[in-house]
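A.B. asks: Return atomic coordinates for the entry below.
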Amino acid sequence: MSFLPSLFSVSILLCFFCSLNEATTEFDFSTLAISNLKLLGDARLSNGIVSLTRDLSVPNSGAGKVLYANPIRFRQPGTHSPASFSTFFSFSITNINPSSIGGGLAFVITPDGNTVGAAGGSLGLAGPSVSKFVAVEYDTLMDVDF
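C.D. replies: Just a heads-up that it's a prediction; the model follows:
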């Protein structure tokens, strides 16, 4: 695969609702605060903009992950029945370096809050040390391997 690293500035407005019998988790990231986020790998927050990768000279070498800082329950307390949830995304992808390309970004649900997977088309999600996950991928490049 030949992906060149790219710097994506992602401005995220993320509303996530996790419905539980007695407890509801709700958040709106119209204004990003570092205290609400866990930044992994190359991810960083600057002036309200999340950057997931760095602009590197080595292809496929950058990956970052931004997670909500607190765990969210996906099981009903006491019954362990699955909880329902809904989510809404609004974001902008800006390529700072027009000569570089990237794979995209993904909304991910994962029990692993510490691992960044492989760079390139894997979007920092997949890799040998990554646990199971569910993701909705937003591609910025058509890649038949993914």
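A.B. asks: which stretches of the chain aren't confidently modelled?
C.D. replies: 1-24, 29, 31-32, 55-61, 95-103, 143, 146 (pLDDT under 70).
A.B. asks: Quick check: phi and psi on Gly41?
C.D. replies: phi 60, psi -130 (degrees, to the nearest 10).
A.B. asks: Using the three-state scheme, assign the nearest residue to it once chain neighbours are set aside.
C.D. replies: The shortest distance from Gly41 to any non-neighbouring residue, by C-beta to C-beta, 6 or more residues apart in numbering, is to Val116 (3.6 Å). C-betas here are computed from N, CA, C, even on glycine. Under DSSP: H, G, I helix; E, B strand; the rest coil, Val116 falls in the coil class.
A.B. asks: which residues sit in contact with Val116?
C.D. replies: Neighbouring residues of Val116 by C-beta atoms under 8 Å, 6 or more residues apart in numbering: 40-41, 63-65, 124, 127.
A.B. asks: measure the nearest residue to Leu52 once chain neighbours are set aside to Ser81 for me?
C.D. replies: Leaving aside its sequence neighbours, Leu52 sits nearest to Gly64 (C-beta to C-beta, 6+ apart; 4.0 Å). Distance, Gly64 to Ser81, using C-beta to C-beta, to the nearest Å: 34 Å.
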